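A.B. asks: Model the structure of this input:
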Amino acid sequence: MARKRALFIAALGASLAAFAAPVVAQASLAMLDSLDSGGWEVRFRDGSPARKICVRTGRELIQLRHPEGDCNRFVIEDEAGTVTVQYTCRGNGYGRTHIRKESSSLVQLDSQGIAGGKPFQFTAEARRTGTCG
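C.D. replies: I've put the predicted structure just below:
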């Protein structure tokens, strides 16, 4: 009986540990890897000021409202021309971002979620502008 209890507790602990570890996306997100690295400008369709970012892997475009990066990601869609990623940032909200590639230097973004306790939703166009400054 004690051995069964010990095995049950060990199995339960292993199961719970899996939830505590960050989620690693199983998808390759190859479309993001195909984007040109360098300086990019994000222009928001709602008239908000444009934002300049440095793109190294393309994954920087996923969490524009959660740039801290300490978030768990789950890939919803990973196709040649589109990527959709849902993410959760412990203690700071969550988001879901859809990125559609027009070329290696131009993408369309659609993102929504909660950041800093407030909802957000935006559509934007991101375009490579040169080197990171």
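
A.B. asks: Next, find the distance separating the residue most central in space within the chain from Gly47.
C.D. replies: Centroid check for the chain by C-alpha atoms, centre = their mean gives Ile62 as the closest residue, at 3.6 Å. To Gly47, Ile62 is 23 Å away according to C-beta to C-beta, to the nearest Å. Where C-beta positions appear, they are placed from N, C-alpha and C, glycine not excepted.

A.B. asks: Now do the contacts for Ser51.
C.D. replies: For the record, residue 51 is Arg, not Ser. Glu41, Val42, Phe44, Leu64 (C-beta atoms under 8 Å, 6 or more residues apart in numbering).

A.B. asks: Apply the buried test to the residues you listed and list what passes.
C.D. replies: Neighbour counting with 16 or more other C-beta atoms under 10 Å marks Val42, Phe44, Leu64 as buried within those.

A.B. asks: Closest one of the residues you listed to Gly81?
C.D. replies: Val42 (19.0 Å; C-beta to C-beta).

A.B. asks: for the host helix or strand of that closest one, packing partners?
C.D. replies: Using DSSP states H and E, the element containing Val42 is strand 38-44. Strand 38-44 is packed against strand 51-55, strand 118-130, with contacts defined by 3 or more C-beta pairs under 8 Å, 6 or more residues apart in numbering; DSSP states H and E.

A.B. asks: can I get those in JSON lines with mean pLDDT and distance to Gln86?
C.D. replies: Formatted as JSON lines, the helices and strands packed on strand 38-44 follow (pLDDT from 0 to 100; distance: least, C-beta to C-beta, whole Å):
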{"stretch": "strand 51-55", "mean pLDDT": "96", "distance to Gln86": "21"}
{"stretch": "strand 118-130", "mean pLDDT": "97", "distance to Gln86": "14"}
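
A.B. asks: what sits against Ile114?
C.D. replies: Gly93, Tyr94, Gly95, Phe120.
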